[in-house]
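S.K.: only the shape, not the letters, is given here:
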């Protein structure tokens, strides 16, 4: 065996060690997202964390590829740690011809980017992802966007976030009717609206062909966030409005459906276009109402991507939600600490000769799903009580000489200091009968 | 946007796409392991998936390093996808001086090996891991090995597996008293006992220095699996037995404690030594009783590893459990399909004009944690019923013209075909009142 060299081995830059106190938020985010997705009838998939680099080159071109955590493997292939979910999800979907549609999938995985680490941006991060493939309708759009709001509401964020929506095909018409024909460049400029100084932004619009007399009005439209139920009123003032036009009637329908999922949550916002090139219909992003953080989640309809990968046409809509911004927001709002405190036992005993009985009581508690720790370090009762407190125990079981002689347990509620002595078999039976609820103290 | 090139992009060799039907076993394994760990007072950590290659070179030498999925990053550093948990866990532990002991941690992550893919061995796999750092006692050993049995019992495997145990320090004495002084080579030979032809195995022992007249007896001892309570009887027949010897008294204590965690589960087996060099005390592995599969989990005490990494001495014991063998075993025993079937609703409606009401009913079900799907593809009632069956719905809500006019819902139990008509507000109130239980049919 080798010996310590004196050179401490550190973690790789941009990677996080997540200790228990920091692991709790992700457990919460994951369990709420998973339960919400299953409640909506989505099924879980798990994707490889390594893909051919070409998979991203096809979709996103060289910009994303330059941010990939890519490398050449021992066989000389250009591989990469996966930077996002969508290309793999689409690859998995198009590899299976037997799936009946709609296909509703979710996932929660790690991804990697080779970017310069900074506050809120690591080289390794988690992302939740949900997509529906198959039918293309306003109802499907509403189901996916509704899931996004259901998750955020489930995390306790109702009232603390807004989901901003727009539609790429409508926005394309808005641009054309305002003199901009290079649509991709138009989207790229608008995508930076909130980060660009106004004068510079107006010059950018002008350079793309927008007439001077339209620019002021256009900018004021980009600043508006309109409750989605009233989106049609804004649209009427911007484009030649025909309610039978397919894009418009579809967006109007979506606008009516969404409030059924969550009230006062959805807003029409013409500055939301999403930078990436592949969206074809509705696009959306969620932000905290305080405007303090980057977007919580984002997504949209992308009906052409499957065809690009496989030649098969499969309409699709989905969104991705990272763990980092959500954790910052939940922490700021104090929503990580208000979780109901779970009952948790510590079994104390004066010395290790009581260990067998302590294990028996602990096993019964654990089998009932109640966390229980016991003295495994041969410490005195004072040190055990300290350990119980450190572990967040709510209840103490004392198994001492007297208890063992009389086949009893002493059960102490730590918050009140009250205690009762019970027959051991009575205590164990009570545990078995209790189902999934906390044990009430004092017992009946 | 680029166009389809006609070249389908495949997944990288040795990596798996995990579709929903294959994702279920991992969800089960993970949730049982997580609940068991929390019930034992273990806390969750999450580790980077990329480390310096040197982290593994220090512990395991060049053999493991050659199996690492390693690469040079853009900055020229030798990095690797993590091949196992222990080095990172130890690095995280020794980086924090403020943690009060015992430290009890678990994790459930992906790992990677650059090995030739074969049945049951992929280049990417999941592993559950649990460790206790700090005090070193038989009680701590029992707590970790007890957790392993608690998880397997929780998965329904009671009676279908055995945990085989041995102790490295006792085994070292056994080897020395039988003429073998090169202990590491001795362990390496014994580790292959079950895979080596007997004649070859006897020649290997002889080459290591064991006298011919001891070899037959030694081999018959390696073949025995003795209930752990009777380990001392076997030991008495093999070595100069002194019950006050520290290793022996400690192993005897462990042997008495373990049955309190799970009866008829633990067996003393002298052929269990675990190949890797760093174990210092008890070692253990779990196997299916049918002897069909490789080990389900394995671990042991490793008291010197923290010192090797950091100069700090921290006693430690832990185990790792992969997903692959467990999934094969659970599947073979039919333990994946006997899960209680969950209540799951489908809300059918004749056309999309009923959609708002359908969303309202679905939202209420979902908020109560009951999975609910609805018609999002504008299909006729027959197609909707087919979709409900495909999704595994147990209950159907019909929202038709009559129901909407009368503010009612028709609730049909699909297994029996029985149905009732209820007032919609009554149905929604029943949902709110139900807590976490399935809705009983017919309702009260």
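M.R.: Here it is on my side, so go on. Being a predicted model, the structure only gives us computed values, none of them experimental. Residues are numbered from 1 along each chain as shown, chains lettered A, B, ... in the order given.

S.K.: CA atoms for contacts and neighbours, from now on please.
M.R.: Fine.

S.K.: contacts only, for residue A:81.
M.R.: Contact analysis of residue A:81 by C-alpha atoms under 8 Å, 6 or more residues apart in numbering or on different chains lists A:49, A:50, A:51, A:68, A:69, A:70, A:111, A:112.

S.K.: now do the same contact list for the first one.
M.R.: Going back to what we said before, that points to residue A:49. A:81, A:82, A:110, A:111.

S.K.: now swap in residue A:143 and tell me
M.R.: Counted by C-alpha under 8 Å, 6+ apart, residue A:143 has contacts residue B:376.

S.K.: whichever strand or helix holds it: which residues count as buried?
M.R.: Using DSSP states H and E, the element containing residue A:143 is helix A:138-154. Residues A:138-154 are the ones in helix A:138-154 that count as buried (16 or more other C-alpha atoms under 10 Å in any protein chain shown).

S.K.: what's the next helix or strand after it packed up against?
M.R.: Next in sequence after helix A:138-154, counting helices and strands by DSSP H and E, comes strand A:161-167. If you count contacts as 3 or more C-alpha pairs under 8 Å, 6 or more residues apart in numbering or on different chains; DSSP states H and E, strand A:161-167 packs onto strand A:266-268, strand A:282-288.

S.K.: could you dump those strands to a markdown table with distance to residue B:271 and mean neighbour count?
M.R.: Compiled in a markdown table, the helices and strands packed on strand A:161-167 are given as follows (distance: least, C-alpha to C-alpha, whole Å; neighbours: other C-alpha atoms under 10 Å in any protein chain shown):
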| stretch | distance to residue B:271 | mean neighbour count |
| --- | --- | --- |
| strand A:266-268 | 65 | 25 |
| strand A:282-288 | 58 | 23 |
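
S.K.: could I get those as CSV with mean pLDDT and distance to chain B?
M.R.: Listed next are these as CSV, based on pLDDT from 0 to 100; distance: least, C-alpha to the nearest C-alpha, whole Å:
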stretch, mean pLDDT, distance to chain B
strand A:266-268, 98, 16
strand A:282-288, 97, 17
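
S.K.: reformat those strands as TSV; add distance to residue A:58.
M.R.: Below are the helices and strands packed on strand A:161-167 laid out as TSV (distance: least, C-alpha to C-alpha, whole Å):
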stretch	distance to residue A:58
strand A:266-268	31
strand A:282-288	21
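
S.K.: and for residue A:200, the neighbour number?
M.R.: A total of 11 residues lie near residue A:200 under the criterion other C-alpha atoms under 10 Å in any protein chain shown.

S.K.: quick one: contacts for it?
M.R.: Applying C-alpha under 8 Å, 6+ apart, no residues qualify as near residue A:200.

S.K.: how about it, phi and psi?
M.R.: phi -60, psi -40 (degrees, to the nearest 10).

S.K.: repeat for residue A:327
M.R.: Per degrees, to the nearest 10, the backbone of residue A:327 is at phi -60, psi -40.

S.K.: from chain B, how far out is it?
M.R.: 15 Å (C-alpha to the nearest C-alpha, to the nearest Å).

S.K.: with residue A:257 instead?
M.R.: In terms of C-alpha to the nearest C-alpha, residue A:257 sits 7 Å off from chain B.

S.K.: residue A:197 too?
M.R.: Taking C-alpha to the nearest C-alpha, one finds residue A:197 at 29 Å from chain B.

S.K.: count of residues packed around that residue?
M.R.: 10.

S.K.: show me what contacts residue A:214?
M.R.: residue A:178.

S.K.: for the stretch 251-400 of chain A, which residue gets nearest to chain B?
M.R.: As assessed by C-alpha to the nearest C-alpha, chain B sits closest to residue A:371 within the stretch 251-400 of chain A, at 3.6 Å.

S.K.: isn't that residue right next to residue A:347, touching?
M.R.: No. Using C-alpha atoms under 8 Å, residue A:371 is not in contact with residue A:347; the gap is 10.9 Å.
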